[in-house]
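Colleague: Need coordinates for the following:
(4 chains)
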Protein chains: 2
Amino acid sequence: MPGQRRPATMRDVAQFAGVSVRTVSNVVNDQPYVRDETRRAVKDAIAALGYRPNLIARNLRRGSTNTLALVLPRLTQPYFAELADDLLTAARDRGYAVLIDPTDESDTRSVQDVFAQLAMITDGILVDPTHLAGRVDLTSLPVPVVALTSHSGRHGEPVDRVAMDDAGGARLATAHLLESGRTQIAAVGLPPAAVTGPTGRLRLAGYLEAHREAGIDVSPRRLLAANGWDPSEGYRVMSETLDAGIPVDGVFAFNDYMAMGVIHAISAHGLRVPEDIAVVGFDDIGFSQHTSPPLTTVSPGRRRIVEAALDMLLGRIDGTRTGATEVAVVEAELVLRGSSVTKADPEA
Amino acid sequence: MPGQRRPATMRDVAQFAGVSVRTVSNVVNDQPYVRDETRRAVKDAIAALGYRPNLIARNLRRGSTNTLALVLPRLTQPYFAELADDLLTAARDRGYAVLIDPTDESDTRSVQDVFAQLAMITDGILVDPTHLAGRVDLTSLPVPVVALTSHSGRHGEPVDRVAMDDAGGARLATAHLLESGRTQIAAVGLPPAAVTGPTGRLRLAGYLEAHREAGIDVSPRRLLAANGWDPSEGYRVMSETLDAGIPVDGVFAFNDYMAMGVIHAISAHGLRVPEDIAVVGFDDIGFSQHTSPPLTTVSPGRRRIVEAALDMLLGRIDGTRTGATEVAVVEAELVLRGSSVTKADPEA
DNA sequence: GTGAAAGCGCTAACAT
DNA sequence: ATGTTAGCGCTTTCAC
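Modeller: Model (predicted):
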């Protein structure tokens, strides 16, 4: 345990420099009204004493902490890890620290308490609310909240939010499979996936809509439920389907992570991707470029989502954004890769 | 912007309950010396006013924040994401919030400042120091620090640390390949990988040692440098090697994430894993169970690393751990999967 | 068992 | 342009 000496306070600096604390504060906070000479003396004193302003005291006084909270289920979902990474970097570049709070099922705390606590120690909260469905009232917190949600299309939302276009993206993915001649397309990731919520419903809706537009029937045997959106479930569900002899020539997995397991199951059954079964995922996580074959997927525009959400939140915090809650929808994009397009068939 | 009313303070509660703030504080902090009757009255007042103790004020007074910091390069590396996830959960279960600070090359802040700031707003810091090599002095911070490092074998470390057994794990991985009859084993991930540092050196050392023990020569043509430990580099490096016609029948990739790219490159060249080339990675990230084929890898004992580090750090914080710095080494384990073992050949 | 009051280190209103 | 001081909301020493 080093650094034993009591850290220098503002008073120490003032005394050392022969000025008042007021002046030290002015210098530390780059206030204009300080003579250059005085400023210099104070800076010297600061350097001499190794003074650093106590941020907790500043927080108490100012009532703000320069910290944001990010609430999400688990970082083990690569999409969330990459989302968090983007946010961490973006927030850091704007001078904010980020507290990440994992609130999945293993969490025994009261969700409302969690938010109340976070509200007290941060200036604003970003939250992926899908897994909290209704267990928390985000409207009565003392700090602004921006939700990162699915695009439900509803209006008059209780909090600001940035939505990805789940249904639109799913439609793109499915239409792409249909256009390349696939007609027996499995959808992987329906409820009872504990944490699916609206996201799963919307991606299913996009899948259905694409079929409707193409005039192709959907078989309930190819609507596959998963208990969680991870590779093991993708693997299990796909294996069972193939074992059952259900014909499948394409798969739309509701996320990339599951798609990994799907591809694994397909090759374990001696079938080829994409020749026998084409696979498309959702999320465009980093891995997807380097599966074998690389995964065609829907990019939800993660970067833009983070930027938009941060803009909204900081706008609320500094008061430049006022008035009714806003909803921003970020468009999804199809990223074509080898898992859905054969080399001989790059017609897309 | 809801919740307009000024939050109730301890004084409000005291007044409402007809007691002094001292008593309210006693009740809030579960101090013994309060009459049951009084306690009840205070609790009622708290409920009636919706009082919540102001954590910032408490922090200032107590000089502690119940928050830890985790400093690492990027969450885009799945190993770090999973490490962070483990820590977040473990810390949450012990009543600590976690601030994650990404400090990679894109960071323009002074590393020393970053730590000084974090030290001010947290009770302790966990850091993966490999990417900070020497740019920071962790010994003179006002809070305890525990480093999550490679096992260099050195003693008299300046800070507590928990090390994974890089060299031992790499030896296991390589020995496994050699024992299954591979003799032309590429090592993927040598410097100049910007962020490699000791980790890469140690994993290389294990690779070399296994060869020495087996009496098999190492060809420098199969020591492959990477610019970063991600799939695209694994892909590039492996492709170039195969294109150059360098004979390879096994690969030890210094992490799983690169191994994804390696496998991709191998199949893109029309070769099979493991029949033509066996592949082993390092980290045992979640994905590795569901690549095609599943990836044999070295599990560094991530969970145990996190638990040990948290124990150390909290021990220093609450003073139950004192004295000289400690080093804990967590043993690595080989996890056998399909990328190194053919079905016909499960001799391991 | 409870009350009064000091003070954590800072910011900013009020002085001059 | 700078000094003096109140007070952010809490914990805790000191009284009783």
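Colleague: and stretch A:297-312 with chain B, contact?
Modeller: No: contact of stretch A:297-312 with chain B is not found when judged by C-beta under 8 Å from any C-beta of the partner chain; the minimum separation is 11.4 Å. All C-beta spots, glycine's among them, are computed from the backbone N, C-alpha and C.
Colleague: which of the residues in that stretch are buried?
Modeller: A:297-302, A:304-312 (16 or more other C-beta atoms under 10 Å in any protein chain shown).
Colleague: give the contact list for the most centrally placed residue in chain A.
Modeller: Nearest to the mean C-alpha position of chain A, by C-alpha atoms, centre = their mean, lies A:Leu83 at 3.9 Å. Neighbour list for A:Leu83: A:72, A:128, A:148, A:302, A:305-306 [criterion: C-beta atoms under 8 Å, 6 or more residues apart in numbering or on different chains].
Colleague: Dump those to JSON lines, plus secondary structure and pLDDT.
Modeller: As requested, these are arranged in JSON lines below (DSSP: H, G, I helix; E, B strand; the rest coil; pLDDT from 0 to 100):
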{"residue": "A:Leu72", "secondary structure": "strand", "pLDDT": "94"}
{"residue": "A:Asp128", "secondary structure": "coil", "pLDDT": "92"}
{"residue": "A:Leu148", "secondary structure": "strand", "pLDDT": "94"}
{"residue": "A:Arg302", "secondary structure": "helix", "pLDDT": "97"}
{"residue": "A:Ile305", "secondary structure": "helix", "pLDDT": "97"}
{"residue": "A:Val306", "secondary structure": "helix", "pLDDT": "98"}
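Colleague: Quick one: the strands in chain A, in order.
Modeller: Remark: strands assigned in chain A by DSSP state E are A:67-72, A:97-102, A:124-127, A:145-150, A:160-164, A:185-190, A:223-225, A:250-253, A:278-282, A:296-299, A:327-330, A:333-335.
Colleague: Got the confidence number for whichever residue of the stretch 51-200 of chain A sits closest to DNA strand D?
Modeller: For the stretch 51-200 of chain A, the residue closest to DNA strand D is A:Arg61, as judged by C-beta to the nearest atom of the strand, at 3.9 Å. pLDDT, A:Arg61: 95.
Colleague: now, which of the buried residues of stretch A:297-312 sits nearest chain B?
Modeller: Closest approach between those and chain B, by C-beta to the nearest C-beta: A:Arg302, at 11.4 Å.
Colleague: The closest one reaches A:Phe282, doesn't it?
Modeller: No: applying C-beta atoms under 8 Å as the test, A:Arg302 and A:Phe282 come out as separate, 11.6 Å apart.
Colleague: which residues sit in contact with A:Ala17?
Modeller: With C-beta under 8 Å, 6+ apart, A:Ala17 has these contacts: A:23-24, A:41-42, A:44-45.
Colleague: State the pLDDT value of it.
Modeller: 92.
Colleague: same check, this time on A:Leu223
Modeller: Among the per-residue scores, A:Leu223 holds a pLDDT of 97.
Colleague: Tell me the spacing between it and B:Pro73.
Modeller: A:Leu223 sits 41 Å away from B:Pro73, going by C-beta to C-beta, to the nearest Å.
Colleague: Bridged to A:Leu224, which residues?
Modeller: Using DSSP bridges, the beta-bridge partners of A:Leu224 come out as A:Val188.
Colleague: Chain neighbours aside, what residue packs nearest to A:Pro293?
Modeller: Spatial nearest neighbour of A:Pro293, excluding adjacent residues (C-beta to C-beta, 6 or more residues apart in numbering or on different chains): A:Gly338 at 3.2 Å.
Colleague: what's the distance between the one you found and A:Glu275?
Modeller: Relative to A:Glu275, and taking C-beta to C-beta, A:Gly338 is found at 11 Å.
Colleague: More neighbours: the two, which one.
Modeller: Using other C-beta atoms under 10 Å in any protein chain shown as the criterion, A:Gly338 and A:Glu275 rank with A:Gly338 on top: 19 against 11.
Colleague: which ones are touching the more buried one?
Modeller: By C-beta under 8 Å, 6+ apart, A:Gly338 lies in contact with A:274, A:293-296.
Colleague: between A:Leu223 and B:Pro73, which one's more packed in?
Modeller: Neighbours per residue (other C-beta under 10 Å) separate A:Leu223 from B:Pro73, with B:Pro73 holding more: 20 against 15.
Colleague: Do I have it right that the more buried one meets B:Pro102?
Modeller: Yes: if you go by C-beta under 8 Å, B:Pro73 and B:Pro102 touch, sitting 6.6 Å apart.
Colleague: the helices in the stretch 101-250 of chain A, which residues?
Modeller: All helices of the stretch 101-250 of chain A, identified by DSSP state H, counting those that start in this stretch, fall at A:111-121, A:166-179, A:197-214, A:231-243.
Colleague: Mean pLDDT added to those, as CSV?
Modeller: Listed next are the helices of the stretch 101-250 of chain A as CSV, based on pLDDT from 0 to 100:
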stretch, mean pLDDT
helix A:111-121, 95
helix A:166-179, 97
helix A:197-214, 93
helix A:231-243, 96
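Colleague: Looking at those, which one is packed in the most?
Modeller: Neighbour counts (mean count of other C-beta atoms under 10 Å in any protein chain shown) averaged over each of those peak at helix A:166-179, with a mean of 23.
Colleague: And that helix, what does it pack against?
Modeller: strand A:185-190, helix A:197-214, strand A:250-253, strand A:278-282, strand A:296-299, strand A:333-335 (3 or more C-beta pairs under 8 Å, 6 or more residues apart in numbering or on different chains; DSSP states H and E).
Colleague: Which among these is found nearest to DNA strand D?
Modeller: Closest to DNA strand D of these, according to C-beta to the nearest atom of the strand: helix A:197-214, at 35.2 Å.
Colleague: I'd like the distance between A:Pro7 and A:Glu275.
Modeller: A:Pro7 sits 67 Å away from A:Glu275, going by C-beta to C-beta.
Colleague: for the closest residue to A:Gly286 other than its chain neighbours, what are its contacts?
Modeller: In space, and not counting its chain neighbours, A:Gly286 is closest to B:Thr76: 6.1 Å by C-beta to C-beta, 6+ apart. Listed by C-beta under 8 Å, 6+ apart, the contact partners of B:Thr76 are A:81-82, A:85, A:286, B:230.
Colleague: Let me know the pLDDT of B:Thr76.
Modeller: 93.
Colleague: ok, now the one 10 residues further on?
Modeller: On the pLDDT scale, B:Asp86 is placed at 97.
Colleague: What is the neighbour count of the nearest residue to A:Lys43 once chain neighbours are set aside?
Modeller: Excluding its sequence neighbours, the residue lying closest to A:Lys43 (C-beta to C-beta, 6+ apart) is A:Val27, at 6.6 Å. The local packing of A:Val27 (other C-beta under 10 Å) involves 21 other residues.
Colleague: show me the contacts for the closest residue to A:Ala205 other than its chain neighbours.
Modeller: Spatial nearest neighbour of A:Ala205, excluding adjacent residues (C-beta to C-beta, 6+ apart): A:Ala167 at 4.8 Å. Residues in contact with A:Ala167, defined by C-beta under 8 Å, 6+ apart, are A:151, A:202-203, A:205-206, A:209.
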